[in-house]
Each structure stands twice: as structure tokens, then as C-alpha cells.
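Predicted model and sequence follow; I will ask about them next.
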Amino acid sequence: METLERVLSEHAFFAGMDPEYVHLLVGCASNVRFEAGSFIFRQGEEARHFYLIRQGKAALEMAPPNRPPMMIQTVSEGDVLGWSWLIPPHRWRFDARALELTRAFAMDGACLREKCGQDPRLGYELLRRFSSIIAERLEATCLQLMDVYAIQS
Amino acid sequence: MRSNLETEAPTLEAGAVTMLPRLFRVQRYLQETDDTFTLELAPLDDGAPCAFAPGQFNMLYVFGVGEVPISISGDPDKPGVLVHTTRAVGTVTKVMARLRRGDVIGVRGPYGTPWPVDQAEGNDVVIVAGGIGLAPLRPALYRLLARRDQFGKVVLLYGTRTPEDILYRKELERWRARFDVDVYVTVDRATAPWRGSVGVVTHLIPKAPFDPLSAVALICGPEIMMRFSVLELEKRGVAANRMFVSLERNMKCGVGTCGHCQFGPAFVCREGPVFAYDRVRDWLAVREV
């Protein structure tokens, strides 16, 4: 457990976090690995975890009918994958698939929500970190939607 | 670390200003992507070689059609051949895309301010390119690699629309295989065969391996992409006067006479296209400019 705590605290998501909270969150963490090509989660499934990528690369995908699945974003070492665990109804909105062998920490959403409920300061700390990630993703999505490399008419 | 970087980009040499086109023959035509092509041009006269500094542009004249400013994308240490990569988007470039080996074209230049490559000696250099914006940055990268031991880390962050739109693909692979340059490529959208990164180019900046306090950033691409890249670089701690952007405006004369490319108090063709970001920051935010 001590080793997991040390490795967890070195992930970019926890940078600058009170060690006491990291210690608390270790109880919600587990080591997972996904072979290349395997799904980490699928759209519509219950979002039980979020993932802190340690190694490898995974893609968030959307599969429109009658079209090949579209990759929306890739995540790699140091990134966070998924926030549906935090937002009701706790269902994944996209598919996530490992593009190569991917190692991650899976953080148990129910466990985290319980700890956040018990300690609102921890809840605020986690929300603050996730809201930064959500804002970055929103900005990136805006840029992608603007299709800035397209020929301007 | 050199402190004289905290000035604006060097200005054009006075002797380079001329309105008379030289005739060049298309020596080689390369289709880079679906809508982007490269012309290699050799002078028809026995005049001086086509010396230029990375970041400068030429006015290319397709006879009977018109003249357009196109950045030079070749190796500045090989001035015997002029290399231009451009996209077939307008009247002139669409006709230019039909030129083939042996055709003749008019060339005026080189014009404009260069990337501050020499001033970046001793520092890390991070190049952020978007789409066709890699073309004006390629000469800077050639120069950096030719004098590799004079710089710290050299990092290329390149974003484009889809994997099919990646420019200079083989060259990127060669650069990626080197141990002394870090190359990261991302695309805005992709389907299954793509195994690289998906996401906007700004997403590469937080993890890129450079020292923000000593880095000089050279940025070229669509203006919105440059604005967001600058924000991300600032977040990393790169100072505004260490970031350089290449602006594109409606350039006509190329020598600051006609006024078409006025950008606030500057003419992009004469005082640009490469500007220190702190010089143009306030103007970039004004939509009417």
C-alpha cells in the first residue's frame, strides 16, 4: 500500500495535493492494465471509475451509425481519463480503447464520492482539479469544432 | 542564455528590396497532400543564389494570373534551389498547383523578417506548427539541426486536421528517429488505423520537454491556433518576448508600399511576417484589425 501511495502521489493529477488526502485516496485506487485494442469502458455503461494513465495510450471514441468510429482525443502518461463517475447519471458518454498496452490507476468512483461526502475539503480539491481538466477539454473541443485548418471560404 | 533575445525579430536587409521578378523554372513538383504541393525552383539567369533567412517569403508570380506571397520552405544552407510549399486555395495557387517541371514562374524577394534562430543560440527552442504552418518553420528547423550543438533542446510540436493532412511525412519520420530532436505530432480527428495522438496541438505543450525559462518559441499556423498556443506556452512560463509568431495578412506589394497588409501600426510584409509576440499581442485581440 505504501508503494502504491508513493507512485500515486507522483502522478501529475496529484501534484501539490496534501499528502494526507493522497493517503486517503489510496484506498480507492487499484492498478489496472489494458491490452492494445481492448476497451477500457464503453458508452452507456455505468461509470464506476476514472483512470490515471501511467503508461501507454488510449483513445476516446465515438461510433456514429454507419460510419467508422471517430477518435476524439487520445490520452497518455500523466493524463486523466473520464469524469462521468462524478456527474450523474454516472454513465460513460464515449468509448475508451487502449491503442497500445496501457497501465493506469483505476480510481473507484463510489469510494471517492463517499470520501468527498465525508470531507467537503477533499471534495472541493478533487472538483477543482477536475474542473481544470474539463475546462481544458472544452477549450480543445471548441478548437476542434472550429476546424481551424480547413480552407476558409 | 543570451539576453539580447528580448528584442524584436531582426529586420529585413535593405538590399533585398526589389520589385522586379526574376524568372525561375520549376525543377520539381511534389504533391504533399490532397491540396498541398511543393515547388522546387531554379533561376533561369546566372544571378546570385537565392539566399534567404528562415521565415522569409517570396512573391510568386504566375504569369497572366497574379502574384501571391508564399513562405520559403527549403533549406537556407542550400540556396541554389528555392523551395515553396503552398496550398491550392485561391485563384493564383490553384493555377500554381497545375504547374509542372519546366514551367516558368516569376519570383520577387526574399522579403520579411526571419525567425530569430541565431538569437536563440544557447537556448531551448520549441516550434509549434499548425497545418501548412509547418512550411515556413521548416527552414528554421533545418538551420537548428545544421547547428545542433549551438542550441539546447529542440522540440517540434505539430498539429494538423487529419493524418492525411500531415506535411513532409518522411522528413518528420527522419527527425523523429533522431535522438537530438523531440517530435510530437497530433491530429484533430482520426479513425482507427491512426496510432498517433488525437487532439489539438496546444494539448502537446504541457508535456513537451523544454525549459520554459530558457526556451524560445516559434509559432506558425492559423491565427486562432497561434493565440491558444501562446496562452498554453504562457501557462508553462514562457515569457511573451521569447515567443515569435508568423502572421498572415493580405500582402500585395511585399515591400510596405501598398498598405494592404497593415496590422495596427505595422505592415506585415515589411515588419513581419515574424513578430515578437509581445509586440503584436494587443492587436491580435482586436477583431477589427
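Here it is on my side, so go on.

Show me what the longest helix seen in chain A is packed against.
In terms of residue count, the longest helix belonging to chain A (DSSP state H) is helix A:120-146. Here helix A:120-146 touches helix A:19-25, strand A:70-76, helix A:109-118, helix B:223-236, going by 3 or more CB pairs under 8 Å, 6 or more residues apart in numbering or on different chains; DSSP states H and E. All C-beta spots, glycine's among them, are computed from the backbone N, C-alpha and C.

For the residue lying farthest from the centre of chain B, give me its contacts.
Ranked by distance from the centre of chain B (CA atoms, centre = their mean), the top residue is B:Ala192, with 30.6 Å. Neighbour list for B:Ala192: A:68-69, A:71 [criterion: CB atoms under 8 Å, 6 or more residues apart in numbering or on different chains].

Which ones, among those residues, also lie beside chain B?
A:68-69, A:71 (CB under 8 Å from any CB of the partner chain).

Tell me the buried residues within those.
Buried by 16 or more other CB atoms under 10 Å in any protein chain shown: A:69, A:71, out of the ones next to chain B among the contacts of B:Ala192.

okay if I get the ones next to chain B among the contacts of B:Ala192 as TSV plus pLDDT?
Below are the ones next to chain B among the contacts of B:Ala192 laid out as TSV (pLDDT from 0 to 100):
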residue	pLDDT
A:Pro68	87
A:Pro69	89
A:Met71	92
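
just to revisit the earlier point, now do the residue farthest from the centre of chain B against A:Gly37, distance only.
B:Ala192 sits 10 Å away from A:Gly37, going by CB to CB, to the nearest Å.

which regions of the chain lie under the pLDDT threshold?
Went with chain A since none was named. A:1-2, A:153 (pLDDT under 70).

think we crossed wires, I meant chain B
B:1-18.

near chain A, which residues of it show up?
Residues of chain B lying near chain A (CB under 8 Å from any CB): B:35, B:87, B:89, B:130-132, B:160-161, B:165, B:186, B:188-192, B:194-200, B:202-203, B:207, B:221-222, B:224-225, B:228.

buried subset of the residues you listed?
B:35, B:87, B:89, B:130-132, B:160-161, B:165, B:186, B:188-190, B:194, B:197-200, B:202-203, B:221-222, B:225, B:228.

Wait, A:Gln43 touches A:Asp95, no?
Yes: using CB atoms under 8 Å, A:Gln43 makes contact with A:Asp95 at a distance of 5.3 Å.

which residues do those two both contact?
A:62-63.

neighbour count winner among these two?
Ranked by neighbour count (other CB atoms under 10 Å in any protein chain shown), A:Gln43 and A:Asp95 place A:Asp95 first, with 20 against 15.

Hmm, the more buried one is touching A:Gly44, no?
No: at 9.4 Å, A:Asp95 does not count as touching A:Gly44 under the criterion of CB under 8 Å.

can you pull the contacts of the residue nearest the centre of chain A?
Centroid check for chain A by CA atoms, centre = their mean gives A:Leu81 as the closest residue, at 1.8 Å. Counting by CB under 8 Å, 6+ apart, A:Leu81 touches A:40, A:50-53, A:58, A:60, A:75, A:96, A:104.

how about those, which pair is most distant?
Across the contacts of A:Leu81, the longest distance by CB to CB is 15.3 Å; it joins A:Leu52 and A:Leu60.

Tell me how far the residue farthest from the centre of chain B lies from A:Asp95.
On the measure of CB to CB, B:Ala192 and A:Asp95 end up 12 Å apart.

So for the two, which residues contact both of them?
A:Pro69.

What residues sit buried inside stretch B:87-97?
Neighbour counts over stretch B:87-97 (16+ other CB under 10 Å) mark B:87-89, B:92-93, B:96-97 as buried.

Please convert the contacts of B:Ala192 to TSV, extending it with distance to B:Pro116.
Formatted as TSV, those follow (distance: CB to CB, whole Å):
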residue	distance to B:Pro116
A:Pro68	44
A:Pro69	43
A:Met71	36
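
Show me which of those residues is closest to B:Pro76.
A:Met71 (36.8 Å).

close enough to count as contact, that closest one and A:Ala59?
Yes: with contact defined as CB under 8 Å, A:Met71 counts as touching A:Ala59 (4.6 Å).

Now list whatever residues contact both of those two.
Common neighbours of A:Met71 and A:Ala59 (CB under 8 Å, 6+ apart) are B:Val198.

Name the residues of chain A found near chain B, please.
So chain A meets chain B at A:57, A:59, A:68-74, A:76, A:78, A:99-100, A:136, A:139-140, A:143-144, A:146-152 (CB under 8 Å from any CB).

which among these end up buried?
Judged by 16+ other CB under 10 Å, buried ones among these: A:57, A:59, A:69-74, A:76, A:78, A:99, A:139-140, A:143-144, A:148-149.

picking up where we left off before, just curious, which of the buried residues of stretch B:87-97 is nearest to chain A?
B:Val89 (5.1 Å; CB to the nearest CB).

The residue nearest the centre of chain B and A:Ala59, how far apart?
Centrality entry for chain B: nearest residue to the mean C-alpha point is B:Pro136, 1.8 Å, by CA atoms, centre = their mean. Distance, B:Pro136 to A:Ala59, by CB to CB: 31 Å.
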